[in-house]
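S.K.: pasting the structure only:
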């Protein structure tokens, strides 16, 4: 991307071992950024870092549960000590629910979805912001979802967690815009990633199937990565507090 301003910038990508995160990590590295790949799964994260290094880039990994404060502390410390700071945070890591309606959601599913999809990006955002404020600049990009825009794209737990992501994004965008920090989100529609659900546990498809017929084609992860890189880049220097649907027009239906 011409004029991205990302060369030699330090970028944290969560869930960077697969799917949108993997594509994003590779795309940032292609722009000349130094990338920290954070993921709960070691092998795919190390593979992405190795691919970046073999192409002449700089990459580090942190493996762990990002909803745990000690993992977040390690992510931030590694970015500061080994990559020179934190210029960009991509809060991408997330999990899917079983498409259950509210009356069918277990406590365990609800708590896990909120912990991974909302608490983890909050913890990372809170930890990264002081470093960005000290520099007077920074960009945070959340991976939200079509389910953050409507109630007909996923189950109750996932939908609530992604609506929460948008609220967190917008609040942070307003409160830190005068500090030089921009905060935005992409809202993917159907995307080819490693996230899947067990069809035998679904209680919502008979209702949601009607709406999902409007989804359109399934995107490649690289298409989401391009949007994330754009929002993080200098090309989006006056874009703040925006939810960018990357969904082939599903949100327009």
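M.R.: Good, I have the coordinates. Predicted, not measured: the structure shown is a model, and the values here were computed from it.
S.K.: Show me which helix runs longest in this protein.
M.R.: Longest helix in the chain, counting residues (DSSP state H): helix 156-176.
S.K.: contact partners of it?
M.R.: 91, 94, 96-97, 99-102, 105, 109-110, 113-114, 116-118, 121-122, 125, 129, 132-133, 140, 142, 144-145, 147-148, 151, 153-154, 181-185, 240-241, 243 (CB atoms under 8 Å, 6 or more residues apart in numbering). To be clear about C-beta, it is placed using only N, CA and C from the backbone, and glycine gets the same treatment.
S.K.: can you do 7 Å?
M.R.: The contact list for helix 156-176, computed with CB atoms under 7 Å, 6 or more residues apart in numbering, reads 96-97, 100-102, 105, 109-110, 113-114, 117-118, 121-122, 125, 129, 140, 142, 144-145, 147-148, 151, 153, 182-185, 240-241, 243.
S.K.: give the contact list for the residue lying closest to residue 14 once chain neighbours are set aside.
M.R.: Closest residue to residue 14 apart from its sequence neighbours, by CB to CB, 6 or more residues apart in numbering: residue 93 at 3.9 Å. Contact partners of residue 93, counting by CB under 7 Å, 6+ apart, are 14, 15, 21, 66, 120.
S.K.: What number of residues are in the vicinity of the first one?
M.R.: Here the count is done by other CB atoms under 10 Å, and residue 14 has 27 residues near it.
S.K.: From residue 182, how far out is it?
M.R.: Distance of residue 14 to residue 182, given as CB to CB, to the nearest Å: 18 Å.
S.K.: Then the third one?
M.R.: Residue 21 sits at a distance of 20 Å from residue 182 (criterion: CB to CB).
S.K.: Counting neighbours, go ahead and name the busier of those two.
M.R.: residue 21 (30 against 24).
S.K.: Which helix or which strand is home to the more buried one?
M.R.: Applying DSSP states H and E as the criterion places residue 21 in helix 19-30.
S.K.: list the contacts for the most centrally placed residue in the chain?
M.R.: Nearest residue to the geometric centre of the chain (CA atoms, centre = their mean): residue 92, 1.7 Å. Residues in contact with residue 92 (CB under 7 Å, 6+ apart) are 13, 14, 15, 20, 21, 24, 143.
S.K.: could these go into a markdown table alongside pLDDT and distance to residue 163?
M.R.: What follows is those, written out as a markdown table (pLDDT from 0 to 100; distance: CB to CB, whole Å):
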| residue | pLDDT | distance to residue 163 |
| --- | --- | --- |
| 13 | 98 | 23 |
| 14 | 98 | 19 |
| 15 | 98 | 19 |
| 20 | 97 | 19 |
| 21 | 98 | 21 |
| 24 | 98 | 22 |
| 143 | 98 | 14 |
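S.K.: Most neighbours of all these, which one?
M.R.: residue 13 (35 neighbours).
S.K.: wait, that residue sits on residue 26?
M.R.: No - in this structure, residue 13 is not within contact of residue 26 by CB atoms under 7 Å, at 9.4 Å.
S.K.: how close does residue 174 sit to residue 24?
M.R.: Counting by CB to CB, the separation of residue 174 from residue 24 is 25 Å.
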